[in-house]
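K.L.:
Just a sequence and a predicted model for now, questions to come.
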Amino acid sequence: MDLQGKKVTLHDMSLRDGMHARRHQISIDEMVSVASGLDEAGMPLIEVTHGDGLGGASVNYGFPAHSDEEYLAAVVPKMKQAKISVLHVPGIGTLDHIRMADDHGASTIRIATHCTEADISEQHICMGRDLSMDTVGFLMMAHMVDEQQFLTQALLMESYGANCIYCTDSAGYMLPDEVTQKISTLRAGLQAETEIGFHGHHNLAMGVANSLAAIEAGANRIDGSVAGLGAGAGNTPLEVLCAVLHRMGAEDGVDLYKVMDVAEDLVVPMMDQPIRVDRDSLTLGYAGVYSSFLLFAKRAGEKYGISARDLLVELGRRGTVGGQEDMIEDLALTMSTEKS
Amino acid sequence: MAEKLKALIIGPGNIGTDLLMKAQRSDWIEPVWMVGVEQSEGIQRAQGMGVKTSITGVDGVLEHIAADDIRIAFDATSAYAHAEHARKLNALGVIMVDLTPAAIGPFCVPPVNLAEHSASLTMNVNMVTCGGQATIPMVHAVSRVQSVAYGEIVATVGSKSVGPGTRKNIDEFTRTTSTAVAEIGGAKEGKAIIIINPAEPPLIMRDTVHCLVDEEPDRDAITQSVHEMVAEVQKYVPGYRLVNGPVFDAKRVSTYLEVEGLGDFLPKYAGNLDIMTAAGLRTAEMLAEEVSNGRFALPDRA
């Protein structure tokens, strides 16, 4: 594989996807210190939002330690070169949240929908463009459709005004060949100036390999997370990807040693539990289940005496999509009734 | 049995057609007109079902309102079109049952506050959203027992049951439902989340209702209230089911529901649409009952 000279924009997820792994309890100090470390290391983009995006504060997904507004107000003014992005899921957040994020200096808005439901993103993508934000369409659970269907949805988001489209492997289910297929189909079908991104999860330990396949096929924005802090077995570990890209001669403009230090000195110490491929996160990747279900399934499993793996497999069988965390307790109750 | 109240339906799409089928079985309402803006499959269907049709919008039926004694209009179009429809028809003394998210008139969730509306001669009632119809009765079931600091609902619907209007304006859904969870459900603060799921075969609408109560929950009273409310909703939506709960976890009270439709024109999984048409019709029927027993006087018509 030849990635020599390829330009890659890395995008850190530890303070947004990492919120899932921290049950949305990252402190303001931790946010500022990690973001500042990454800024110093030359990371161009850093996401700061509730794990489930703007307005994610809820019983269903978890109430965060602080509001999105408080996090953004603390982090944005401290950045010397890095831009701050926010995630927004139509149906959870509203246009008011996007205005708030823009007011607080977020420069990138990522509008996320399930990979078949791009047409609910029109209002939000249009608003991102109207506010002159870097506007990204983020198609989740990309493994659930074939590449032609995926392109159709990407074209809708592009037509609303998204200047970048993401292939998002929310379940960490995809293997490199599928990434190649989906990204090449996007590259061939979207306008040349539309950027393409890839967001991986490490549930099958494919985060780095999938990201390389994506870059080779035409993606230039790659999500990862320092020390992998993210939902499930975490996101593509950014310091590892960075080292690999440097060996391959790709250009990401990031200082590898500084990123390593942020991972080791700042992020690993703030983990509630090791972020690794364990029995349950592996099940997410194997069964194609949304990564942030992990901790909910572990908790519900414990409370109702069901194995988290059985719960996750059943959630996969039922075709659940991102955001359906409420299914987990419901299903655990049903399964525990059936058992007794 | 008193004379039925005569009605028109605006919008011959899926919702309007389903409503027409339900209304034709009603003991209290007689659907007379179906109003569209162009020749369409929906208009042909309505003709086949024996009602008069107009393809020139509401303007095309204004001259027939008095002659046909139309008293109720169901609006199954869009929030944007509704304001104009309401203005023209209210002026002729027609009461609007609004199935769009326009929310010009007060919210109506039949088992919770329909009685208040019929008592106050409201000329326009809004049926909130499908998610609101499915969940607000449960929020109310808790809040009528003890105070609810926060109510949150998660509505998950099959992709095929979500039309282009809702998709284009999904923010109106979340905002309107959140507002109504507080105002009508009786929570001090409300939040609504909608999830669209494309699984095949399509999933039946499911809803989760979380309430955070102020004091230690009275489990027995809440459980009884929830079961009574489910029975109330089942009177007009037989496929409304409590799947799990109420679950108590400290001050959280959660109920897990499933809403299967009757399968009139809409498929059974589209309980989200069925509960709207059924609630709209229920509202009109209640009004008709009030008129018939003299508790409600229709606007004067010379």
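P.N.:
Sure thing, it's come through.

K.L.:
number of nearby residues for residue 170?
P.N.:
Here I'm looking at chain A. For residue A:170, the count of nearby residues is 32 (other C-beta atoms under 10 Å in any protein chain shown). For glycine as for every other residue, the C-beta is placed from the backbone atoms N, C-alpha and C.

K.L.:
switch to chain B, that's the one I care about
P.N.:
24.

K.L.:
pretty sure it contacts residue A:92?
P.N.:
No - under the criterion of C-beta atoms under 8 Å, residue B:170 makes no contact with residue A:92, lying 10.1 Å away.

K.L.:
For the closest residue to residue A:22 other than its chain neighbours, list the residues it contacts.
P.N.:
Spatial nearest neighbour of residue A:22, chain neighbours left out: residue A:272 (6.0 Å); criterion: C-beta to C-beta, 6 or more residues apart in numbering or on different chains. Residues in contact with residue A:272, defined by C-beta atoms under 8 Å, 6 or more residues apart in numbering or on different chains, are A:21-23.

K.L.:
Just the ones of the residues you listed in helices?
P.N.:
residue A:21 (DSSP state H).

K.L.:
Report the secondary structure state of the residue in chain A that chain B sits nearest to.
P.N.:
Here chain A gets closest to chain B at one residue, residue A:319, 3.3 Å apart by C-beta to the nearest C-beta. Per DSSP: H, G, I helix; E, B strand; the rest coil, the secondary structure class of residue A:319 is coil.

K.L.:
give me every residue that touches it.
P.N.:
Contacts of residue A:319 (C-beta under 8 Å, 6+ apart): A:144, B:197-200, B:203.

K.L.:
Also residue B:217?
P.N.:
B:146, B:248, B:251, B:253.

K.L.:
Helix, strand or coil: sort out the second one for me.
P.N.:
Taking three-state DSSP as the rule, one finds residue B:248 in the strand state.

K.L.:
what residue ranges in the stretch 51-200 of chain A score low on pLDDT?
P.N.:
In the prediction, the stretch 51-200 of chain A carries no residues with pLDDT under 70.

K.L.:
those strands in it, which residues are they?
P.N.:
Counting by DSSP state E, counting those that start in this stretch, the stretch 51-200 of chain A has these strands, from start to end: A:83-88, A:108-114, A:134-140, A:164-168, A:195-199.

K.L.:
Is it possible to get CSV of those that adds distance to chain B and mean neighbour count?
P.N.:
Below are the strands of the stretch 51-200 of chain A laid out as CSV (distance: least, C-beta to the nearest C-beta, whole Å; neighbours: other C-beta atoms under 10 Å in any protein chain shown):
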stretch, distance to chain B, mean neighbour count
strand A:83-88, 11, 25
strand A:108-114, 7, 27
strand A:134-140, 12, 25
strand A:164-168, 15, 27
strand A:195-199, 19, 25
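
K.L.:
host element of the residue nearest to residue A:22?
P.N.:
Residue A:272 is part of no helix or strand, with elements assigned from DSSP states H and E.

K.L.:
ok so, going back, reformat the contacts of residue A:272 as a markdown table; add neighbour count.
P.N.:
Below are those laid out as a markdown table (neighbours: other C-beta atoms under 10 Å in any protein chain shown):
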| residue | neighbour count |
| --- | --- |
| A:21 | 28 |
| A:22 | 22 |
| A:23 | 17 |
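
K.L.:
now the helices for the stretch 151-300 of chain B?
P.N.:
B:164-168, B:170-183, B:219-234, B:271-292 (DSSP state H, counting those that start in this stretch).

K.L.:
Quickly, which of the ones you listed bottoms out on average pLDDT?
P.N.:
Per-segment mean pLDDT for the helices of the stretch 151-300 of chain B reaches its minimum on helix B:164-168, at a mean of 85.

K.L.:
List the buried residues for that one?
P.N.:
B:165-167 (16 or more other C-beta atoms under 10 Å in any protein chain shown).

K.L.:
That one and chain A in contact?
P.N.:
Yes - Helix B:164-168 is in contact with chain A by C-beta under 8 Å from any C-beta of the partner chain, via B:164, B:167-168.

K.L.:
Count the neighbours of residue A:29 for me.
P.N.:
9.

K.L.:
picking that back up, pick the most deeply packed of the helices of the stretch 151-300 of chain B.
P.N.:
Highest mean neighbour count among those (mean count of other C-beta atoms under 10 Å in any protein chain shown): helix B:271-292, with a mean of 25.

K.L.:
That one relative to helix B:219-234, how many degrees between them?
P.N.:
Helix B:271-292 runs at 80 degrees relative to helix B:219-234, counting by axes from the mean of the first three to the mean of the last three C-alpha atoms, to 10 degrees.

K.L.:
okay, now the domains of chain B?
P.N.:
According to automatic domain parsing, chain B comprises the domains B:5-127+B:277-292, B:130-269.

K.L.:
Including distance to residue A:192, could those domains go into CSV?
P.N.:
Shown next, in CSV, are the domains of chain B (distance: least, C-beta to C-beta, whole Å):
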stretch, distance to residue A:192
domain B:5-127+B:277-292, 36
domain B:130-269, 28
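
K.L.:
closest one to residue A:208 among those domains?
P.N.:
domain B:130-269 (30.0 Å; C-beta to C-beta).

K.L.:
From start to finish, how long is that closest one in a straight line?
P.N.:
Taking C-alpha to C-alpha, to the nearest Å as the measure, domain B:130-269 stretches 13 Å from start to finish.

K.L.:
For the nearest residue to residue A:229 once chain neighbours are set aside, report the pLDDT, please.
P.N.:
Spatial nearest neighbour of residue A:229, chain neighbours left out: residue A:18 (3.6 Å); criterion: C-beta to C-beta, 6+ apart. Note on residue A:18: pLDDT of 98.

K.L.:
what packs against the host helix or strand of residue A:18?
P.N.:
Per DSSP H and E, residue A:18 falls inside helix A:17-21. On a contact count with 3 or more C-beta pairs under 8 Å, 6 or more residues apart in numbering or on different chains; DSSP states H and E, helix A:17-21 meets helix A:293-304.

K.L.:
Which elements pack onto the helix it packs on?
P.N.:
helix A:17-21, helix A:279-287, helix A:308-317, helix A:326-339.

K.L.:
possible to save those as a markdown table with distance to residue B:35?
P.N.:
Listed next are the helices and strands packed on helix A:293-304 as a markdown table, based on distance: least, C-beta to C-beta, whole Å:
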| stretch | distance to residue B:35 |
| --- | --- |
| helix A:17-21 | 49 |
| helix A:279-287 | 49 |
| helix A:308-317 | 44 |
| helix A:326-339 | 39 |
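
K.L.:
OK, contacts around the residue nearest to residue A:229?
P.N.:
Contacts for residue A:18 (C-beta under 8 Å, 6+ apart) come out as A:26, A:51, A:225, A:229-230, A:267.

K.L.:
rerun at 6 Å
P.N.:
The contact partners of residue A:18, by C-beta atoms under 6 Å, 6 or more residues apart in numbering or on different chains, come to A:225, A:229-230.

K.L.:
Next, work out how far apart residue B:113 and chain A are.
P.N.:
As judged by C-beta to the nearest C-beta, to the nearest Å, residue B:113 and chain A stand 25 Å apart.

K.L.:
Just give me the neighbour total for that residue.
P.N.:
18.

K.L.:
so residue B:149 makes contact with residue B:212?
P.N.:
Yes - here residue B:149 reaches residue B:212: they are 5.1 Å apart, a contact under C-beta atoms under 6 Å.
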